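Enquirer: how would this look folded up:
(one chain, ligands or ions: 2)
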Amino acid sequence: MTGKLPFEALSVETLATRLGANEALCARIGKGPWKVREVGDGNLNLVFIVEGASGAAVVKQALPYVRLVGDSWPLPLKRSFFEYHALIRQEARAPGSVPAIYHFDEAQALIIMEYLAPPHIILRRALIDGRHLPNIARDIGLFMARTLFRGSDLSMPTKDRKADLALFADNVELCGITEDLVFSDPYFDAKLNRHTSPQLDGLVAELRADRDLKVEAQRLKHIFAANAETLLHGDLHSGSIMVTDTETRMIDPEFAFYGPMAFDVGMLLANFWMSYFSQRGHEQNGKRDAMRAYLLGVTAETWAVFRAEFSVLWRTERTGMLYQKSLFEDQGDILASEQALDHVLHQIWTDLLGFAGIEVHRRILGLAHNADFETIADEDLRASCEAKALKFGRHIAVNRRQILGMDEVNTLATLIERERRI
Ligand code: SR1
Ligand code: MG
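Expert: Numbers count the residues shown, from 1 in each chain. Ligands and ions are numbered 1, 2, ... in the order given. Modelled structure (predicted):
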């Protein structure tokens, strides 16, 4: 396949013929015959696993529409371009944290990349199954600190960052999905919204009438849209991470763009808290107590690792034009540098709580729900888990400026979770 042919969606039947001469793929897996499976279970794209005599690879191809909804919702193929460019930047900034890239074809909107074979599993699935992954907090905390710091004006030459900002500014439609689906649609009766009904009808009406919440969601949207601080993953939830007991890889950064650091961190932590509130729906006879404790531990450790690594990078790699060393360390004023670092971390903390709170809401009230809750078959039980998560999300979003630390958040989560069914 050359990059010059017009776009055509691949299929299990056509892939071997169309990619049979692709040198990068043949070098990885050998020439055909190949075994091809389509395994995409996300909302947007086709994902194929291609196995040959000497290996396997993933072929991911964007479709010109939202797969979850169908061709009534067109979506540009260029998201594949942004995903490719995000992946190579993430690999450079946090080596070993993303799949290796073998080939990119812009016209066909496809990326050929490393197959993360079993026992790799999507993190969300592992958490639903009640598995404790020992390394995720460390690995994801490091990934976020390294990519968010190194993609910002704290680190990059400002000319390079501005060029990158311009490049990713064209990821308009994917940003648009987030702007609508995360920040606005959950708070009114948008067409594609759904929730567990009738169980949650009363609470949903209450939340949509909640002025403080609505204003806070729009303040957060304002920060999201107007604070082009760093290159974000843009969709860093537990379905965008693959794990084994020892390895963690971030995938699917097609929503990448320049936005606030706190967005990635908030979305990620929200997914751990949603997993926490969903455990009641997956347990038998109180068997998930240890899992609940583990998940709260993961949120605390992820944030601690993020803070620690971000602080190391601040002290050792602050080569950008922000908080320039000539004003601080070079004057012997280490204390002022540390004060500035505290201020930056505090801002990330305050904003991440807001982003986390509304991420919880959109996964329960909006279009794109989470398997954590969706796979709870008993609708009353599911609604009870969701109601607690909604209440938690509302509290951390609206009160984010007054919440001092992770202990306070996790104590609140524990108290809400232990309430009798809502
Ligand atoms: C229509 S896309 C819905 C969601 O799927 C992606 O994973 C993003 O989270 C997006 O919001
Ligand atoms: Mg995705």
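
Enquirer: any part of stretch 179-186 near ligand 1?
Expert: Yes. Stretch 179-186 comes into contact with ligand 1 (Cβ under 6 Å from any ligand atom), by way of Leu181. Every C-beta, even on glycine, is put in place using the N, C-alpha and C of the backbone.

Enquirer: do that stretch and ligand 2 meet at all?
Expert: No. Judged by Cβ under 5 Å from the ion, stretch 179-186 makes no contact with ligand 2; its nearest approach is 12.6 Å.

Enquirer: tell me the buried residues in that stretch?
Expert: For stretch 179-186, burial by neighbour count (16 or more other Cβ atoms under 10 Å) applies to 180-186.

Enquirer: and stretch 305-324, by the same measure?
Expert: Quick answer for stretch 305-324 (16+ other Cβ under 10 Å): 305-307, 309-311, 313-314, 318, 320, 323.

Enquirer: those in helices, which ones?
Expert: 305-307, 309-311, 313-314 (DSSP state H).

Enquirer: which one of those is nearest to ligand 2?
Expert: Taking Cβ to the ion as the measure, ligand 2 lies nearest Phe306 of those, at 21.5 Å.

Enquirer: who touches that closest one in this structure?
Expert: When contacts are counted by Cβ atoms under 8 Å, 6 or more residues apart in numbering, Phe306 touches 141-142, 144-145, 265.

Enquirer: which two of these have the greatest separation?
Expert: Maximum pairwise distance among the contacts of Phe306 (Cβ to Cβ): 12.4 Å, between Leu142 and Val265.

Enquirer: in the stretch 251-400 of the chain, which spans are strands?
Expert: Using DSSP state E, counting those that start in this stretch, the strands found in the stretch 251-400 of the chain span residues 257-259.

Enquirer: what residues are up against the closest residue to ligand 2 within it?
Expert: Per Cβ to the ion, Asp252 is where the stretch 251-400 of the chain lies closest to ligand 2, at 3.7 Å. Asp252 makes contact with 42, 83, 235, 239-240, according to Cβ under 8 Å, 6+ apart.

Enquirer: scan those residues and report the most crowded one.
Expert: Glu83 (27 neighbours; other Cβ atoms under 10 Å).

Enquirer: beyond the host helix or strand of that one, next helix or strand please.
Expert: Taking DSSP states H and E as the definition, Glu83 sits inside helix 79-93. Going down the chain from helix 79-93, the next helix or strand is strand 101-105, by DSSP H and E.

Enquirer: can you name every helix or strand that that next one contacts?
Expert: Applying 3 or more Cβ pairs under 8 Å, 6 or more residues apart in numbering; DSSP states H and E, we find strand 101-105 packed against helix 23-29, helix 79-93, strand 110-114.

Enquirer: ligand 1 is nearest to which of those?
Expert: helix 79-93 (10.6 Å; Cβ to the nearest ligand atom).

Enquirer: now do that closest one against strand 110-114, angle only.
Expert: Interaxial angle of helix 79-93 relative to strand 110-114 (axes from the mean of the first three to the mean of the last three Cα atoms, to 10 degrees): 30 degrees.

Enquirer: orientation of helix 79-93 relative to strand 101-105 in degrees?
Expert: Using the same axes, to 10 degrees: helix 79-93 against strand 101-105 is 150 degrees.

Enquirer: for helix 79-93, name the packing helices and strands.
Expert: Checking 3+ Cβ pairs under 8 Å, 6+ apart, helix 79-93 ends up next to strand 55-61, strand 101-105, strand 110-114, helix 136-150, helix 158-168, helix 172-181.

Enquirer: repeat that with 10 Å
Expert: Packing partners of helix 79-93 (3 or more Cβ pairs under 10 Å, 6 or more residues apart in numbering; DSSP states H and E): strand 55-61, strand 101-105, strand 110-114, helix 136-150, helix 158-168, helix 172-181, strand 230-232, strand 248-250.

Enquirer: which of the buried residues of stretch 179-186 sits closest to ligand 2?
Expert: Nearest member of the buried residues of stretch 179-186 to ligand 2, counting by Cβ to the ion, is Leu181, at 12.6 Å.

Enquirer: is that closest one in contact with Lys221, as I believe?
Expert: No. Counting by Cβ atoms under 10 Å, Leu181 sits too far from Lys221 to count as a contact (11.3 Å).

Enquirer: wait, what's in contact with whichever residue of the stretch 1-150 of the chain sits closest to ligand 2?
Expert: Of the residues in the stretch 1-150 of the chain, the one nearest ligand 2 is Gly42, at a distance of 4.6 Å by Cβ to the ion. Shown in contact with Gly42 (Cβ atoms under 10 Å, 6 or more residues apart in numbering): 60, 67-68, 122, 235, 239-240, 251-252, 254, 368.
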